[in-house]
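Visitor: quick one, what's the 3D model for this:
(2 chains)
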Amino acid sequence: MRHRALVLVALAAASCVTSGKLREGAASLRTEVEKAKKSGAAKCAPKELALAETNVDFAEAELASGDPRRAKQHLDVAETNVTKALEMSKTCAPTQVTIAKKEPAKVVIEKTDRDGDGVPDIEDQCPDEPGPPENHGCPTTKDSDGDGIPDDIDRCPLDPEDFDGWQDEDGCPDPDNDGDGIVDKADACPNEPGPVENKGCPVGDRDKDGIPDNVDKCPDEPGPPPDGCPKKYTLIEIRPDQIVTKVQVKYATGKFKILPASYKLLNEIVLAMNDYPKMKVLVAGHTDNKGKQASNMKLSQRRADSVVDYLVTKGISADRLQAIGYGPTQPIASNKTNTGRAKNRRTEFKIVSME
Amino acid sequence: MRLLSALLVLGALVGCGPDQSTATLIDAEVALEAARTAGAPQNAAYEYALAEAYLTKAKETVNRARYESATEFAAKAKKLANEARQKAVSAPNSGATP
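Guide: Next up, the predicted model:
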């Protein structure tokens, strides 16, 4: 039995050593990434630099979540890429010539503060360790509530931290992490607010219309408040990912001015967005492939912008709208026939979020 | 009975995190697609590659049911994709308009 315990202790110690080494490796690679950035790698080797930078970040995240194996894999990728980025920057980055200016020597008398704690070294009894002035610049090691967080950084020095994985750094206990009025011990979802009748867990929303299933009279069909049932629209249909229009938005030929014939359709979009006040929409402009691609990209962007402008003038907040012109890059039919091209010239209303 | 309660609590916990991470992932994908359309792979290659890497990691993380990390990575991806799109649109040789 004692032998087994010793083996377990040895394994735990080995794991700590490994994690420690990996952390050192991550710190060293981050320094290399900074070096590569200064050498102009963002221009000379953008992909390599990005992969190196992100993989160091991922490795640190994996270490924090206790997965050294994945952290090691990310560090390997980061190392390969930072080496490439440094190598590629040598031949590509412009040579910098710095002409040093000789400045007249100044005599500066200043108070030094090696540990940066605001207490000058001359008055600091611990000049190399930060500490508050009331303790003569020395660190406060007192821990009144015995939670392992020293009083000088403990926001609740007399109330021990509960270390439940929720804001454990502040030194204050969090008896109700999600603030839903149900104490964590009795809360089945302590980090997400939810009603008592659902044991403190958020109520589901199957149709994602923002109305919880327990008050949604049509829980499988998206619909606006108060009952969550779909409204009857004549020119549009609301689907989970898109507002489908039964007719196309019409513009003046080759221009981005909306024709009055389309106002009825757009007014119905306004109605739908008022019915779903949290809905965010991406207005996507598309063209056929006739003409120059650059002109089509501009035209589709301006047409999408016109639609957004119209909706904003009807009271929809600009924060809820985004316009993107895709030009001819996303056809839905053949561009070889008139019918196909007509289908490709379209404006779509994609639902980005409902919450 | 005790086992049944434990299973109910576990089921509820598993169902708690995915919604937000999925929404953030969709946002990030839309932003990355917009950046790509604006020519970011050519005109803002560094920012675009960063966004792409974070989005890939977010997808991998969500598959491991680590929704909080996935949401963080996806949010970073979205922010970087927007930066990439902005940079690409204002690049002198860009064909797109903001």
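
Visitor: in the stretch 201-350 of chain A, what residue is nearest chain B?
Guide: residue A:294 (4.0 Å; CB to the nearest CB). All C-beta spots, glycine's among them, are computed from the backbone N, C-alpha and C.

Visitor: before we move on, which element is that residue in?
Guide: Assigned by DSSP states H and E, residue A:294 falls within helix A:293-313.

Visitor: so which residues make contact with that helix?
Guide: The contact list for helix A:293-313 (CB atoms under 8 Å, 6 or more residues apart in numbering or on different chains) reads A:249, A:251, A:254, A:256-258, A:263, A:266, A:269-270, A:273, A:283-290, A:318, A:321-328, A:347, B:95-97.

Visitor: are any of these buried, and which?
Guide: Among the contacts of helix A:293-313, those classed as buried by 16 or more other CB atoms under 10 Å in any protein chain shown are A:249, A:251, A:256, A:258, A:266, A:269-270, A:273, A:283-288, A:321-328, A:347, B:95-96.

Visitor: can you list which of those residues are found in helices?
Guide: Among the buried ones among the contacts of helix A:293-313, the ones falling in helices (DSSP state H) are A:266, A:269-270, A:273.

Visitor: okay, the residues you listed in a markdown table with distance to residue A:337 and pLDDT next?
Guide: What follows is these, written out as a markdown table (distance: CB to CB, whole Å; pLDDT from 0 to 100):
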| residue | distance to residue A:337 | pLDDT |
| --- | --- | --- |
| A:266 | 28 | 96 |
| A:269 | 29 | 96 |
| A:270 | 34 | 95 |
| A:273 | 34 | 93 |
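
Visitor: just those residues now: which is nearest residue A:242?
Guide: Using CB to CB, residue A:269 is the member of these that lies nearest residue A:242, at 11.7 Å.

Visitor: is it true that residue A:340 touches residue A:334?
Guide: Yes: between residue A:340 and residue A:334 there is a contact under CB atoms under 8 Å: 3.9 Å.

Visitor: what about those two, which has more around it?
Guide: The residue with more neighbours, out of residue A:340 and residue A:334, is residue A:340; 15 against 12, by other CB atoms under 10 Å in any protein chain shown.

Visitor: buried sites along the one helix or strand that one maps to?
Guide: Under the criterion of DSSP H and E, residue A:340 resides in helix A:338-344. For helix A:338-344, the neighbour count (16+ other CB under 10 Å) marks A:341, A:343-344 as buried.

Visitor: what's the closest of the residues you listed to residue B:58?
Guide: Among these, residue A:344 lies closest to residue B:58 (CB to CB), at 32.1 Å.

Visitor: close enough to count as contact, that closest one and residue A:328?
Guide: Yes: contact criterion CB under 8 Å: residue A:344 and residue A:328 qualify, at 7.0 Å.

Visitor: got the CA positions of the strand or helix carrying residue B:84 in PDB?
Guide: Here residue B:84 sits within helix B:67-89, counting by DSSP H and E. Coordinates of each C-alpha in helix B:67-89 appear next as PDB, following Å, rounded to 0.1, in the frame of the first residue of the first chain:
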ATOM      1  CA  TYR B  67     -17.200  25.600 -24.300                       C
ATOM      2  CA  GLU B  68     -15.700  28.500 -22.300                       C
ATOM      3  CA  SER B  69     -12.300  28.200 -24.000                       C
ATOM      4  CA  ALA B  70     -14.000  27.700 -27.400                       C
ATOM      5  CA  THR B  71     -16.000  30.900 -26.900                       C
ATOM      6  CA  GLU B  72     -12.800  32.900 -26.000                       C
ATOM      7  CA  PHE B  73     -10.900  31.600 -29.100                       C
ATOM      8  CA  ALA B  74     -13.900  32.300 -31.400                       C
ATOM      9  CA  ALA B  75     -14.200  35.800 -30.000                       C
ATOM     10  CA  LYS B  76     -10.500  36.400 -30.700                       C
ATOM     11  CA  ALA B  77     -10.900  35.000 -34.200                       C
ATOM     12  CA  LYS B  78     -13.900  37.300 -34.900                       C
ATOM     13  CA  LYS B  79     -12.000  40.400 -33.700                       C
ATOM     14  CA  LEU B  80      -8.900  39.500 -35.800                       C
ATOM     15  CA  ALA B  81     -11.000  38.800 -38.800                       C
ATOM     16  CA  ASN B  82     -12.700  42.200 -38.600                       C
ATOM     17  CA  GLU B  83      -9.300  43.800 -38.300                       C
ATOM     18  CA  ALA B  84      -8.100  41.800 -41.300                       C
ATOM     19  CA  ARG B  85     -11.100  42.900 -43.300                       C
ATOM     20  CA  GLN B  86     -10.700  46.500 -42.400                       C
ATOM     21  CA  LYS B  87      -7.000  46.500 -43.300                       C
ATOM     22  CA  ALA B  88      -7.700  44.700 -46.600                       C
ATOM     23  CA  VAL B  89     -10.500  47.100 -47.500                       C
END
